[in-house]
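In: Fold the following for me, if possible:
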Amino acid sequence: MKREINFLGKGVRRFFLIISLLFLVVGMVFFFTKGLNYSIDFQSGSLLYYKLSSPLTSDQIAKIRNIAKSLYEKATVQTGSEGKEIWIRTKFLNEEEVKKLSSEVEKVLGRYDGKELTTIEPTISKELREKAILASILAIIIMLVYITVRFRFDFAIAAILSEVYVLLATIALFSIFQLEVGPSFIAAILTLLGYDINDTIIVFDRIRENMKQNPKENFTSLANRSINQTLARTIYTVLTTLLAITPLLIWGGSVLKPFIIALYFGIIVGTYDTIYIALTLLCEWKDMHSS
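Out: Next up, the predicted model:
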């Protein structure tokens, strides 16, 4: 008989639950002190982009940064593609201010291959943020209803709490490292919620089968066996998914990077939280009601 890994021993599961909560606490401290680094889509502002034929020097970057900050103290300047691209993000600028900024920056740049201006007004950015939050809440509510119908209400609550954990943990990561939060981040979050619930449902399905065969078996023992029975499938799924997105993480460029980082982190955490959030909470609940 194959030896089972004891994922859900009382001491083990409580240790990992405490570690999980500590990470969230640290993340929330960063969130409430530093906030999130919203892209221009989620906060009003102007983004001026230049594509160049030759790399920028450090002196040119410093001059452009000074020009931007003279117009707006919190302006940011980012470069990409070996210094051949530059993004200048400022507050919402009117037509006159844009002309002034462009004129001064172009004196420093000289020749350039392409230019693009993106401007988001305050009302639009607010609407985008609200829709993103609504989309995430709706996804969680639909999942709650689905799991309640397919399994049981206690299973549904545990699964949704694990979904919320993935959401908060990813937000915590982006807050700690000040990674950019934009529409691609929301797309990643919704993808992760679906991926995570799929993994949780597979384990729940095996638990339900085992409960039918052994209705009097201790729940923790039964859940632990179910994890071991689905472990190989989970590992193969995670590894193949991560292998598929790794090239995008390395060569995807600055625009795709936040999306891929969110996916990479969320896939790993989503697999972990099936055991140490969803099933740990279920085991604790069953222990409470069996004593």
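
In: In the stretch 101-250 of the chain, where is pLDDT below threshold?
Out: Within the stretch 101-250 of the chain, the stretches with pLDDT under 70 are 122-126.

In: quick one: the helices in it?
Out: Using DSSP state H, counting those that start in this stretch, the helices of the stretch 101-250 of the chain run over 122-150, 153-176, 183-213, 219-251.

In: Quick one: closest of these to Asp113.
Out: Of all these, helix 219-251 sits nearest to Asp113, with 21.1 Å by Cβ to Cβ. From N, CA and C alone the C-beta is placed, and that goes for glycine too.

In: Against which helices or strands is the helix or strand following that closest one packed?
Out: Remark: after helix 219-251, the chain's next helix or strand is helix 253-273, criterion DSSP states H and E. Counting contacts by 3 or more Cβ pairs under 8 Å, 6 or more residues apart in numbering; DSSP states H and E, helix 253-273 is packed against strand 76-80, helix 153-176, helix 183-213, helix 219-251.

In: tell me the domain ranges of this structure?
Out: 10-39+124-290, 45-120 (automatic domain parsing).

In: and among the helices and strands packed on helix 253-273, the most buried is which?
Out: Among the helices and strands packed on helix 253-273, helix 153-176 has the highest mean neighbour count (mean count of other Cβ atoms under 10 Å), at a mean of 20.

In: what angle do that one and helix 122-150 make?
Out: 150 degrees (axes from the mean of the first three to the mean of the last three Cα atoms, to 10 degrees).

In: In a markdown table: the domains of the chain, plus distance to Glu4.
Out: Shown next, in a markdown table, are the domains of the chain (distance: least, Cβ to Cβ, whole Å):
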| stretch | distance to Glu4 |
| --- | --- |
| domain 10-39+124-290 | 5 |
| domain 45-120 | 48 |
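
In: picking that back up, looking at the helices of the stretch 101-250 of the chain, spot the one closest to Trp285.
Out: Nearest of the helices of the stretch 101-250 of the chain to Trp285, taken as Cβ to Cβ: helix 153-176 at 6.3 Å.

In: Distance from the closest one to the middle of the chain?
Out: 11 Å (Cα atoms, centre = their mean, to the nearest Å).

In: now that helix and helix 253-273, what's the angle there?
Out: Using the same axes, to 10 degrees: helix 153-176 against helix 253-273 is 140 degrees.

In: and helix 153-176, what does it pack onto?
Out: Applying 3+ Cβ pairs under 8 Å, 6+ apart, we find helix 153-176 packed against helix 10-34, helix 122-150, helix 183-213, helix 253-273, helix 280-290.

In: could the ones you listed be laid out in CSV, adding distance to Lys74?
Out: Below are those laid out as CSV (distance: least, Cβ to Cβ, whole Å):
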stretch, distance to Lys74
helix 10-34, 13
helix 122-150, 15
helix 183-213, 20
helix 253-273, 20
helix 280-290, 41
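
In: Tell me which of the ones you listed approaches Thr220 most closely.
Out: helix 280-290 (4.7 Å).

In: Show me which residues of that closest one are buried.
Out: Using 16 or more other Cβ atoms under 10 Å as the burial criterion, the residues of helix 280-290 that qualify are Thr280, Leu281, Leu282, Cys283, Glu284, Lys286.

In: And the residues you listed, which is closest to Pro247?
Out: Once Cβ to Cβ is applied, the member of the buried residues of helix 280-290 that ends up nearest Pro247 is Thr280, at 34.2 Å.

In: pretty sure the closest one is touching Gly9, no?
Out: No - using Cβ atoms under 8 Å, Thr280 is not in contact with Gly9; the gap is 10.7 Å.

In: How far off centre is stretch 99-110?
Out: 36 Å.

In: Please apply the same query to stretch 204-217.
Out: How far stretch 204-217 lies from its chain's middle: 33 Å, per Cα atoms, centre = their mean.

In: ok, now stretch 51-65?
Out: Distance, stretch centre to chain centre, for stretch 51-65: 31 Å (Cα atoms, centre = their mean).

In: residues of that stretch that come out buried?
Out: Leu52, Leu56, Gln60, Ile61, Lys63, Ile64.

In: Now do the phi/psi pair for the nearest residue to the second one once chain neighbours are set aside.
Out: Meaning Leu56. Using Cβ to Cβ, 6 or more residues apart in numbering and skipping residues adjacent in sequence, the residue nearest Leu56 is Gly83, 4.5 Å away. Main-chain dihedrals, Gly83, degrees, to the nearest 10: phi 80, psi 10.
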